[in-house]
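Trainee: here is a sequence with its predicted model. Questions after.
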Amino acid sequence: MTESEEKMMNDLGGSTFRGVIATTKPTVLASGERVVFARQALEGMIAQIDAEFIPLNQEHLTLYPPTGRIIGGSLEPTNDGYEALVVEGVALPIRDQSADEDPFALLGEIQEEAPETISVTVQVETRNFELADWKTIAEASPLPVEEVQKWSSLPPIEWLIAIPVTWGAAKFAGSFFERLGGLTAETLTRWIGKASNFAKESHRDRFVTLSFDLPDGRRLMGFVPFSPDTDLVMLGDAVDDAAELAEIAGAWRETTGVDARIIAYLYSAGKWRLAWFVTDSMVFRTPYFIEHLPDPLRFLGE
């Protein structure tokens, strides 16, 4: 642990932890899968820890604020001749806001035109599906698909639309869908709804995540929880209304004085509402999020 990291942990006064998250020893997951991490993969994880803000979320439920963050990692030998990635982390205290005012709604003056088109990908945890079903689902996707692995027995059913923020303080007029390469809301939501029904334990609730990714690693995220019987028109409305989030993300890209690593919004009743945000040392939750907090068990497997 570096001197600056130790000072931060002492300043926080919160609990710290140290533990193994991966090893070069073959491991069998609860799902029966056999996993082996190469040493180079563990070294890559350490490089990522050193370069980025790494939040910790329970059961990969990213629509809830992280419980902590990883601040360091090292490779250490194990008693049986393998190597383990040992990480150091700190719990993030929670501070509940007294009002629902959005401090990020007005980050700066609109100075440029919004891009006409935006390139996005959809990230999906493939282990939620049988292999044959997944191949059919991926082939039918209206967006480029990126497969992700989260290493839990059965991750939440999440459809993450990754949006690189290449613009600054710009005004997004009209539908955000218009910038997704001619994609229509109906096409995207029909694919997500149908594909979700092929997931393992498909009775679970699901969520769509819009992740506006800034070049320096900060993220603005918009979450849309939905159940198997949800009217999918709502998903289309949420992405259409994401122009509001795109404007905030672009303005935030040009602003270094905003003390936040992740800003999260929840789509509810036809409107994007600030849910929570995270700094290096604290989680802040809004009254709206606390009052409308979805039950985590809705998204988890049995």
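Mentor: Arrived safely, thanks for sending. Only a predicted model underlies this, so the values are computations on that prediction, with no experimental measurement involved. Numbering: from 1, shown residues only.
Trainee: what sits closest to the residue minimising distance to the centre of the chain if chain neighbours are left out?
Mentor: Centroid check for the chain by C-alpha atoms, centre = their mean gives residue 62 as the closest residue, at 5.0 Å. Excluding the flanking residues, the one nearest residue 62 by C-beta to C-beta, 6 or more residues apart in numbering is residue 209, at 6.5 Å. The way it works is simple: take the backbone N, C-alpha and C, and place the C-beta from them, glycine included.
Trainee: how about residue 198?
Mentor: Closest to residue 198 by C-beta to C-beta, 6+ apart is residue 133, at 4.6 Å.
Trainee: now do residue 274
Mentor: residue 102 (4.4 Å).
Trainee: and for residue 67?
Mentor: Residue nearest to residue 67 in three dimensions, not counting chain neighbours: residue 56, with 5.6 Å by C-beta to C-beta, 6+ apart.
Trainee: and that neighbour, what is it in contact with?
Mentor: 66-70, 89 (C-beta atoms under 8 Å, 6 or more residues apart in numbering).
Trainee: ok, and the most crowded of these?
Mentor: When neighbours are taken as other C-beta atoms under 10 Å, the top entry among the contacts of residue 56 is residue 89 (23 neighbours).
Trainee: hang on, isn't that residue packed against residue 49?
Mentor: No. Applying C-beta atoms under 8 Å, one finds residue 89 not in contact with residue 49, separated by 9.6 Å.
Trainee: joint contacts of the two?
Mentor: Jointly contacting residue 89 and residue 49 under the rule C-beta under 8 Å, 6+ apart are 70-71.
Trainee: enumerate the positions of stretch 215-233 that are buried.
Mentor: With burial defined by 16 or more other C-beta atoms under 10 Å, the residues of stretch 215-233 counted as buried are 218-226, 230, 232.
Trainee: the helices in the stretch 201-302 of the chain, which residues?
Mentor: Along the stretch 201-302 of the chain, counting by DSSP state H, counting those that start in this stretch, helices occupy 233-240, 243-253, 287-291.
Trainee: okay, these in JSON lines with distance to residue 189 and mean pLDDT next?
Mentor: Converted to JSON lines, the helices of the stretch 201-302 of the chain look like this (distance: least, C-beta to C-beta, whole Å; pLDDT from 0 to 100):
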{"stretch": "helix 233-240", "distance to residue 189": "4", "mean pLDDT": "89"}
{"stretch": "helix 243-253", "distance to residue 189": "17", "mean pLDDT": "91"}
{"stretch": "helix 287-291", "distance to residue 189": "24", "mean pLDDT": "93"}
